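A.B. asks: Build me a model:
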Amino acid sequence: MEQALLTRLESAVARLETLAASVSDPSVSSRDLPGASSLDPAISVFEDLVADSLGRVSASAGKIGGQVVDATKILEEAFAALRELLVKAKRFQKPDLAGLAEFLKPLNNVMVKANSLTEGKRSDYFNHLKTVADSLTALAWIGYSGKNCGMSMPIAHVEESWQMAEFYSNKILVEYRNKNPDHIEWVKSLKELYVPGLRDYVKRFYPTGLAWGSVNSASLSSTSITKAPTASIPASPPPPKAPLCSTESVPSRPKEGMSAVFEEISSGKSVTAGLRKVTNDMKTKNRADRSGAVAATEKHGHTSSFSNNSKASPKFELQMGRKWSVENQIGNKNLIIDDCDSKQSVYIFGCKDSVLQVKGKVNNITLDKCTKVGIVFMDVVAACEIVNCNGVEVQCQGSAPTVSIDNTSGCQLYLSNDSLGTSITTAKSSEINVLIPGAGPDSDWVEHSLPQQYLHTLKNAKGEQKSILGPRIRHCSLPMAKRLIPSLNRILVEKIVPPSKTSAGILLPEKTTKLNSGKVVAVGPGLRCSNGNLIPISVKEGDTVLLPEYGGTEVKLGDKDDLPALIAHLVRTHFDDPRALSRRLADDAWPPPLVDRVLKLLWNDAPRALLFFRSLLLLPSFHPAASSFDHAVDLAARIHDHRSVRFFLCLRGRLALPPSPRTFAILFERYTSAGKPDRAVRAFLSMHHQGCPQDLHAFNTLLDTLCKSRRVQKAASLLKVFRDRFRPDAVTYNIIADGWCRIKCTSKALEVLREMVDLGIEPTKNTYNILLKGFFRADQVKEAMRFFKQMKKRGRKGSPSDSECRPDVVSYTTMVHGLGLAGQLDKARKLFDEMVGEGCLPSVATYNALIQVICKKGCVKDAILLFDEMLRKGYTPNSITYNLVIRGLCHAGKMDEAMEFFNRMKLDGCEPNVQTYTILIRYWLEEGEFEKGLELFGRMGEEESCLPNSDTYNVIISAMFVRRRPEDMLVAGKMVMEMVERGHLPRKFMFNRILNGLLLTGNQEFAKELLRLQEKYRRLHREIRL
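C.D. replies: Reported below is the predicted structural model:
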């Protein structure tokens, strides 16, 4: 008995000695600690979870083999690293951000290893690899450090991470549903490992984050750097304890508050040593002026001293990797920016007596409120802007397309030989001089002065200068042309383009259109003779004159088609303040079609579009149209800027432009998409208060919006309530039937059809096509075939009521598309060939449907042959046709052929849209060609008619998580910043996912920038507000 007791005591002592050694030696692994799991129930439960759930995943992977086994081994390694971190956290205090990144480094290395398996060429197990790589993000819950850390709570983080991985796991379930049950078992066991396995474990032990120990966190950062002495060398003894009572005198604590004031006063004359002595002439009784007024010099001196104390600190830094900020530099002549690229901008503010050199190509340079500042730069992509400055010198050593000078007094602009074609715009400025190189290499600089409100273009090195008085935005309309004032005896003539056909529609020969005639737009003052008398010109404005075949100078003011794009580019790249933009647009006429076109071009940059519209509202001469207000309301509602929506609606009322049915249709759609259908119903009920008719058309619009958002039950209830007030028609019932078909309730849709017939409302072809499409949506292919045959049978009877049942081109298109998606491609092709025999010609949409299902089958060559057949028969493909072929080529791995088809699309006159670029960018990134994908993204920004949307940003951001490199996380963060600034709200967990990635890769400073951006834009989703 005693021997057994001694053995137990010795084992307990040995265990305690090992634990003590592990505290002093951080290099000891938690797996080497005897009984580590038995001492902590959280570790014991975690080991049971790994042994049970992860063991089943490993068993299923062994049956599959291949790369699935490698991915599962990495999964086991990740959970082992998580166990190590859980044990270590018990022995250390909560570290700072740098220490936390070092602490999570082993787990991050495993995640990088998992993502490396998905790089390169796609394998047969790509979906398995992506599922494992994306699911490992759930283990990052251990990095949660509090409410303001930028992460979701641990439980929510695990669920959101699995939702991201479930996208690829569902693909595995669909692919191997009837092929190999081992893959299905692997996916199910993997899901059980995370949900409910890991989720319930975190919920039980760590619902609010990791539980840290009490050891100093300094030892946490030293675990990977320094190692403890080995066991053979005895540890140094601890320092002696401090005595309870010390013989040394303790310094007295300094006095605080009023006691310190009185003690300083009683210290003697040293207190008043800094005060000035009051002489006799300063005394009031000896002054001539006893009014008590303060002299101007005294007041000025007091103010200047105060301004010096409150002066802002100088700044010279690169913000968020996009903007060089140079602020409040005084007397600094050695400012140099040498590490820059063409996507960065330079902003100089509040500097004085300083010189800045920019050694590289940048996007934009702005000088604001600077005095006696010099700047030397190489190349500028967009423009160099000088605003509110005094006595500045600017030298361009390379090229700059535009130089804008606004509200500036004194500016010396030095241009090189490469920048002589620079467009210089001045407004509210004086003393502006341009210096260009002389004719020879040793010649002096030639100086030219610039008058105000002119657009200047330097023609050559000899200094010839052409000044055109005109608008700051060059229109081609007649009022804009009148602003060109000819000099002396010259006139400005606009050519007359004769009609190509008569009013009866008879085409005229081509030679009759070559007539040299024109209309006089502007007339010069005339030429003076030798005695000084003015010789007037014999023609006046409005006269029609004949033009010589040769002679004269042709002036091109711009292209009408390019004008909206030029305005959109100006708004996006030059202005952030609506008042400054309003001053720039003040002299131009703004017809409603032009305003609407610009707003449509800026659709994917909603904040800039609203900036443009608000700047126009500041112009007294601008009279907005109802269509422009509708575009503005739609833009503001899309980015959840409800304050702007209310402002535009109130302004319409003040301008006697009541909201139209189109306005309420926009409100219905935006409220419903935002998850607020009740507000859409309240808006419909308030239509008559706003002066808009509340009729059946508006009611159908509300029902259609609800049904398209899958709220058909609410729409059906509204129909029952308002049945007596608005008499439903066939359109009303078609909307309800389509709503039931969208949620795959075809039985309810058939009941709507019977109700129509009972009420005496004749079903239309659209009704039958809706039901036909509903059968395919519900995967009821046999019922769809039976219904289609009944339509053909009734359509052959010839009666007026039965003729509505006869299938049309929409019916055949629905059948071709539905059969192809159901895997019955032969029947779809056979039905496509039977269309012509039934007297129904296929449309472009029919060809698109067949091309889509052929590409989905993997037969891209057959799709291209069908595309060529479409061209031979005289059909004009649209952007959807090209996108389907490009997607098929990309999915087959033929990226070079997809790019050739992309170039062919441009040559055929079909402009690529956002979907075209997004498809190519996505597949380039999936192929690992990040440079080519980002290059295509840059080309989108250069084309004003094709700006990226939220899908484009999400594709790029998701691809940045494949490699998990620090530079990729920075790119993802910049994409989110640009995405939010353009009014696109990130997905539910996208914002938090990027913050997690930045923290795990050590980019804490940039993570703070994202948090500040989130505070600036409060229109983000509430779920990700920190």
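A.B. asks: from here on, contacts and neighbour counts on C-alpha atoms
C.D. replies: Noted.
A.B. asks: quick one: the helices in the stretch 801-950 of the chain?
C.D. replies: 809-821, 825-834, 844-857, 860-872, 879-891, 895-907, 914-926, 930-942, 950-960 (DSSP state H, counting those that start in this stretch).
A.B. asks: To L54, which of the ones you listed lies closest?
C.D. replies: helix 950-960 (26.6 Å; C-alpha to C-alpha).
A.B. asks: report the angle between the axes of the closest one and helix 914-926?
C.D. replies: 0 degrees (axes from the mean of the first three to the mean of the last three C-alpha atoms, to 10 degrees).
A.B. asks: sorry, back to before: compare the helices of the stretch 801-950 of the chain and give me the one nearest K744.
C.D. replies: Closest to K744 of those is helix 809-821 (C-alpha to C-alpha; 14.3 Å).
A.B. asks: Geometric centre of the protein: which residue is closest?
C.D. replies: Centroid-nearest residue in the chain: M979, 1.7 Å away (criterion: C-alpha atoms, centre = their mean).
A.B. asks: distance of the nearest residue to P592 once chain neighbours are set aside from L655?
C.D. replies: Once flanking residues are discounted, P592 sits nearest to A625: 6.0 Å by C-alpha to C-alpha, 6 or more residues apart in numbering. Distance of A625 to L655, computed by C-alpha to C-alpha, to the nearest Å: 10 Å.
A.B. asks: same deal with A165?
C.D. replies: Distance from A165 to L655, by C-alpha to C-alpha: 53 Å.
A.B. asks: now swap in I74 and tell me
C.D. replies: Applying C-alpha to C-alpha to I74 and L655 gives a distance of 66 Å.
A.B. asks: higher neighbour count, the two?
C.D. replies: I74 (19 against 10; other C-alpha atoms under 10 Å).
A.B. asks: so what's the more buried one up against?
C.D. replies: By C-alpha atoms under 8 Å, 6 or more residues apart in numbering, the residues touching I74 are 110, 113-114.
A.B. asks: from these, which ones fall inside helices?
C.D. replies: Among the contacts of I74, the members found in helices (DSSP state H) are 110, 113-114.
A.B. asks: Compute the mean per-residue pLDDT across stretch 163-181, please.
C.D. replies: Per-residue pLDDT over stretch 163-181 has a mean of 82.
A.B. asks: typo on my end, it should be stretch 45-63
C.D. replies: Stretch 45-63 comes out at a mean pLDDT of 86.
A.B. asks: same check, this time on stretch 856-867
C.D. replies: Here the average pLDDT along stretch 856-867 is 88.
A.B. asks: Now the terminal residues of stretch 569-583, how far apart.
C.D. replies: One end of stretch 569-583 sits 17 Å from the other (C-alpha to C-alpha).
A.B. asks: got a winner among the ones in helices among the contacts of I74 for most neighbours?
C.D. replies: Busiest of the ones in helices among the contacts of I74 [other C-alpha under 10 Å] is A114, holding 27 neighbours.
A.B. asks: correct me, but that residue touches V132?
C.D. replies: Yes - the pair A114 / V132 is scored as a contact, 7.3 Å apart, by C-alpha atoms under 8 Å.
A.B. asks: Which residues are in contact with each of these two?
C.D. replies: With C-alpha under 8 Å, 6+ apart, A114 and V132 have common neighbours A71.
A.B. asks: any chance of the contacts of I74 in JSON lines, plus distance to L49?
C.D. replies: Listed next are the contacts of I74 as JSON lines, based on distance: C-alpha to C-alpha, whole Å:
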{"residue": "V110", "distance to L49": "20"}
{"residue": "K113", "distance to L49": "23"}
{"residue": "A114", "distance to L49": "21"}
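A.B. asks: Tell me which residues are up against stretch 857-876.
C.D. replies: Here stretch 857-876 has contacts from 844, 847, 851, 854-855, 877, 885, 888-889, 892, using C-alpha under 8 Å, 6+ apart.
A.B. asks: repeat that for 6 Å
C.D. replies: 851, 854, 888 (C-alpha atoms under 6 Å, 6 or more residues apart in numbering).
A.B. asks: And these, which is closest to A636?
C.D. replies: A636 lies nearest to G888 out of the contacts of stretch 857-876, by C-alpha to C-alpha, at 36.2 Å.
A.B. asks: Just give me the neighbour total for that closest one.
C.D. replies: 27.
A.B. asks: Surely it is in contact with C855?
C.D. replies: Yes - with contact defined as C-alpha atoms under 6 Å, G888 reaches C855; the gap is 5.1 Å.
A.B. asks: Need the pLDDT of G350.
C.D. replies: 90.
A.B. asks: That one: what's it in contact with?
C.D. replies: So G350 contacts 327-328, 369-370 (C-alpha under 6 Å, 6+ apart).
A.B. asks: State the phi and psi torsions of it.
C.D. replies: phi 60, psi 30 (degrees, to the nearest 10).
A.B. asks: how close does it get to V816?
C.D. replies: According to C-alpha to C-alpha, G350 stands 67 Å off from V816.
A.B. asks: Now the helix or strand hosting A972: buried residues?
C.D. replies: Secondary structure from DSSP states H and E places A972 in helix 966-981. For helix 966-981, a neighbour-count test (16 or more other C-alpha atoms under 10 Å) marks 966, 968-977, 979-981 as buried.
A.B. asks: Not counting its own residues, what contacts it?
C.D. replies: Contacts of helix 966-981 (C-alpha under 6 Å, 6+ apart): 957, 960, 998, 1001.
A.B. asks: Show me just the buried residues among those residues.
C.D. replies: 957, 960, 998, 1001.
A.B. asks: Turn the residues you listed into a markdown table, columns for distance to C840 and pLDDT.
C.D. replies: Shown next, in a markdown table, are those (distance: C-alpha to C-alpha, whole Å; pLDDT from 0 to 100):
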| residue | distance to C840 | pLDDT |
| --- | --- | --- |
| I957 | 46 | 84 |
| M960 | 49 | 81 |
| L998 | 58 | 79 |
| T1001 | 61 | 76 |
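A.B. asks: Run a quick neighbour tally on the nearest residue to A698 once chain neighbours are set aside.
C.D. replies: Spatial nearest neighbour of A698, chain neighbours left out: P661 (6.6 Å); criterion: C-alpha to C-alpha, 6+ apart. By the measure other C-alpha under 10 Å, the count of residues near P661 is 18.
A.B. asks: Please tell me how far L49 sits from R597.
C.D. replies: For L49 relative to R597 (C-alpha to C-alpha), the value is 60 Å.
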